[in-house]
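A.B. asks: Need the 3D shape of this:
(one chain, ligands or ions: 1)
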Amino acid sequence: MVDDGVCGRDPAVRVAGAGNDSRSDELLAAGRDPETGVAVAAVGSTGIAGLEPLMLATLDGETAFFSEMDTDGVRALVEALDEGTLPTDDAMAVVEHEPETASLPLPDEGPLGVGERAVLAGCGWTVPTSTADYRDGEFLASETTADVMGQLREEGLRGRGRGDVATDTPVVEEWETVAEADGDAVVVVNANEADTDAEADRLLLESAPFSVLDPAFAAARAVDATDLVIYVNESERLARERAKTAAQTLDEAVDRLSTRIVAGPDEYKAGEPTVALEAIEGNHRLESRRTPPGPSEYGVDGRPTLVHTPRTFAQVGRVLAGDDLGGVASDPGTRLITVTGDVTSPATVELSTDDGLDSALSAVEAGGRSLACVGGVFGGLTRTLDVPANASGLTGAQLGTNGVVELLGESTCPVAFAGERARFAKEENCGRCVPGREGSNQLVNLLRDVYEGEYKEGMLRELARVMRETSTCELGRDAPRPVTTAMDGFGAEFAAHAEGRCPTGACDR
Ligand code: SF4
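C.D. replies: Sure, this is the predicted structure:
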């Protein structure tokens, strides 16, 4: 049994995904035998749900992967390792690696071989809250003496995720604003994401919390912040617990910050950065704030506040560590993509920003796909995933950038899909601004008119333009995207519905 790290322990058995379900815990308990010299550890999720719980057996710098194993199998595995044998007969893959590595060894094929693993390196391999497994306890935040902002400016790193104050724009500008503003600064790790298809931030906090919080502590030091807030959904107990443990460790090792975890509501709007500020302040009525000034000037309790998602902080960590980020110069690094929808199990993979989105598809078993919604709830509909996984490539293709590829089967009607997302916008908006509140209402009505024989394309497009250009926050700005991309790509389906037909047969006509 290991109380701390597992990297470098040999022989070892890792249970990936442990902590997430009772089956993992049973396997873990079955493997832990104090009579043997085999280290048996609960590690985080790999992000590939269909393989988990995944057993990883390591002996002499070689790891065998087993995705289907019962408790008897685990006992036999531990016994064989204790006797000096690595069983490989039923393994889905066997990989040789450096014995001490802190990065998940990657098979050449299969879901774990998709993309690369830079920010996901420790996911499914390291004990999430172990300091020994994370950079041997050498925190970036205590090492950082260099010009952090100069590094960020030079790299041109952009924010990731809809909950980020610098979504798809250079992060350094927000850091400089916070550092120069009057008042004691605050750093917020915004991990509140009620879109259950967008799994990347939860995966990082649960499986590699130091990779998020170490850079967040470094950011606090760089902008001279006194407070760090980790804002997580109410329902995400495991992410909160692991974030709390990691933050306490960092607090003792690096900086005495005032650190707190805030559980936010499981509502879509609660992830918007200015709504996050309201929730952190304890306000019951959650509304977006008008900007400017944005959070970096006027944030939590009126103080300058740096708001980034876990995805962004993990990329900041790569910059601080001096990694070669790779990817395209305009959006360097990697992007985490969750492939979900009409699949057997969802998978979160990491793509270089010069990869195509379609390269993520081999991480899942999908049904017959006819279209996809890219970018989250208010992503864009598309028939092709031959689109680069970077900010300009995705937005240029009218798609969203929130790291979700939702595959939709042949029975999905794009008109009904657009209507469902418009209804979601109508129900979830905070009511603060007219374009968001009334616009989403009118969007629903105009789509209902299609079913009653009137396809007013010009009015729909004009309404979408007004919402995009005048809504106070990103919810209203993004809400028309499923509708406009459905009209762009599936105009014939709209015309057919106005004539009383649904080509897919999905709508009750
Ligand atoms: S767009 Fe307007 S109504 Fe909708 S959530 Fe944002 S502020 Fe509220």
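A.B. asks: Let me know how buried E469 is, in neighbour terms.
C.D. replies: By other Cβ atoms under 10 Å, 9 other residues sit near E469. Every residue, glycine included, has its C-beta placed from N, CA and C.
A.B. asks: so how far is G476 from it?
C.D. replies: E469 is 10 Å from G476, where distance means Cβ to Cβ, to the nearest Å.
A.B. asks: Check R335 too.
C.D. replies: According to Cβ to Cβ, R335 and G476 sit 24 Å apart.
A.B. asks: for V319, same thing?
C.D. replies: For V319 relative to G476 (Cβ to Cβ), the value is 32 Å.
A.B. asks: higher neighbour count, those two?
C.D. replies: G476 (27 against 22).
A.B. asks: three-state assignment of that one?
C.D. replies: Put simply, G476 is helix when judged by DSSP: H, G, I helix; E, B strand; the rest coil.
A.B. asks: quick one, what contacts the nearest residue to it once chain neighbours are set aside?
C.D. replies: Distances taken as Cβ to Cβ, 6 or more residues apart in numbering put G436 closest to G476, at 3.1 Å, once the chain neighbours are dropped. Residues in contact with G436 (Cβ atoms under 8 Å, 6 or more residues apart in numbering) are A425, N429, C430, M467, S471, T472, C473, L475, G476, A479.
A.B. asks: and after the least confident helix or strand in the chain by mean pLDDT, which helix or strand comes next?
C.D. replies: Counting by mean pLDDT, DSSP states H and E, the chain has its least confident helix or strand at helix 140-143, which shows a mean of 85. On the C-terminal side of helix 140-143, the closest following helix or strand by DSSP states H and E is helix 148-155.
A.B. asks: now for that following helix, which elements pack on it?
C.D. replies: Packed against helix 148-155 by the contact rule (3 or more Cβ pairs under 8 Å, 6 or more residues apart in numbering; DSSP states H and E) you find helix 172-180, helix 209-222, helix 310-320.
A.B. asks: Tell me which of the ones you listed lies nearest to the ligand.
C.D. replies: helix 172-180 (19.9 Å; Cβ to the nearest ligand atom).
A.B. asks: Other residues contacting that closest one?
C.D. replies: If you take Cβ under 8 Å, 6+ apart as the criterion, helix 172-180 is touched by 148-149, 152-153, 157, 159, 165-166, 185, 219, 222-225, 294, 296-297, 304-307.
A.B. asks: Next up, identify which helix or strand the residue in the stretch 301-450 of the chain that the ligand sits nearest to is on.
C.D. replies: Relative to the ligand, the nearest point of the stretch 301-450 of the chain is G436 (2.4 Å; Cβ to the nearest ligand atom). Assessed by DSSP H and E, G436 sits inside helix 434-451.
A.B. asks: I'd like to check the angle between the helix or strand that comes right after that helix and helix 434-451, please.
C.D. replies: Going down the chain from helix 434-451, the next helix or strand is helix 457-470, by DSSP H and E. Counting by axes from the mean of the first three to the mean of the last three Cα atoms, to 10 degrees, helix 457-470 points 160 degrees away from the direction of helix 434-451.
A.B. asks: For helix 457-470, which helices and strands make contact with it?
C.D. replies: So helix 457-470, by 3+ Cβ pairs under 8 Å, 6+ apart, packs with helix 434-451, helix 474-478, helix 481-489.
A.B. asks: same thing but at 6 Å, please
C.D. replies: Helix 457-470 sits against helix 434-451, with contacts defined as 3 or more Cβ pairs under 6 Å, 6 or more residues apart in numbering; DSSP states H and E.
A.B. asks: which parts of the helix it packs on are buried?
C.D. replies: Buried residues in helix 434-451, defined by neighbour count with 16 or more other Cβ atoms under 10 Å: 435-440, 442-444, 446-447, 450-451.
A.B. asks: Could you do stretch 99-116 as well?
C.D. replies: 101-107, 110-116.
A.B. asks: Show me the contact partners of that stretch.
C.D. replies: Residues outside stretch 99-116 that contact it (Cβ atoms under 6 Å, 6 or more residues apart in numbering): 7-8, 48, 61, 63, 93, 95, 97, 117, 121, 124-126, 133, 347, 349-351, 362-363.
A.B. asks: Ends of that stretch, what's the gap?
C.D. replies: End-to-end distance for stretch 99-116, by Cα to Cα, to the nearest Å: 20 Å.
A.B. asks: Let me see the mean pLDDT of that stretch.
C.D. replies: What stretch 99-116 shows for mean pLDDT is 95.
A.B. asks: Now do that stretch: distance to the chain's middle.
C.D. replies: 19 Å (Cα atoms, centre = their mean, to the nearest Å).
A.B. asks: check contacts around G341.
C.D. replies: With the criterion set at Cβ under 6 Å, 6+ apart, G341 makes contact with E406, L407, L408.
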